[in-house]
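Engineer: My questions concern the predicted model and sequence given below.
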Amino acid sequence: MTRRRAQPPEAVFEEMLRAARELLAVRSPLDAELIVSEMLGAWWGKRLVHDDVEELVGEALVDHAAKAGTPAALALLTGIAYLGTPRQAAKAERAALPLMEAGVARPGWAGRVGVVV
C-alpha cells in the first residue's frame, strides 16, 4: 500500500508569497538574505513522522512560487537559490530561469545576493 504524501495547505504558500513582497522593497542583498533566511528558518529542523519537511514544504514552496510567476515569487526563488538546501537551491534556479526569460522583473539586489560574508 502506497501512503499518500501530505501536502501543506496552499494558504501557507500564499502567505509566504505575500511576505516575499517585502523582498521587492529592500535594496541590500544582506537584507534580502536575512528575510529569505527567516522564511526558510520557519520550518528548518522540524520533524514530521513520515515526510521530510525540507522537501514537503521547501521544495513545494519553490513549485508554488514558479507557478505564481510574480516579481515577488522571482525574488523568493532568487533567495532560495542561494540559501536553500542543495535540492531547493537547484530547483529554485531552474524555476527562476523561465520567469526571467519571460521578463519578470528581478529585484535590484539579485545580482549581488550571495556575496555578503
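Structural biologist: The structure has been received and is ready for your questions.
Engineer: give me the low-pLDDT residue ranges for this structure?
Structural biologist: 1-9, 43-54, 116-117 (pLDDT under 70).
Engineer: Now with 90, please.
Structural biologist: Across the chain, the ranges flagged by pLDDT under 90 are 1-13, 16, 37, 39-60, 84-85, 111-117.
Engineer: Let me know the secondary structure of the nearest residue to R21 once chain neighbours are set aside.
Structural biologist: Among residues not flanking R21 along the chain, A72 sits closest, at 4.5 Å (C-beta to C-beta, 6 or more residues apart in numbering). C-betas here are computed from N, CA, C, even on glycine. Judged by DSSP: H, G, I helix; E, B strand; the rest coil, the three-state class of A72 is helix.
Engineer: quick one: the helices in the protein?
Structural biologist: For the chain, the helices defined by DSSP state H cover 10-20, 22-25, 29-41, 53, 60-68, 71-83, 86-101.
Engineer: now the angle between helix 86-101 and the third one, please.
Structural biologist: Translated: helix 29-41. 120 degrees (axes from the mean of the first three to the mean of the last three C-alpha atoms, to 10 degrees).
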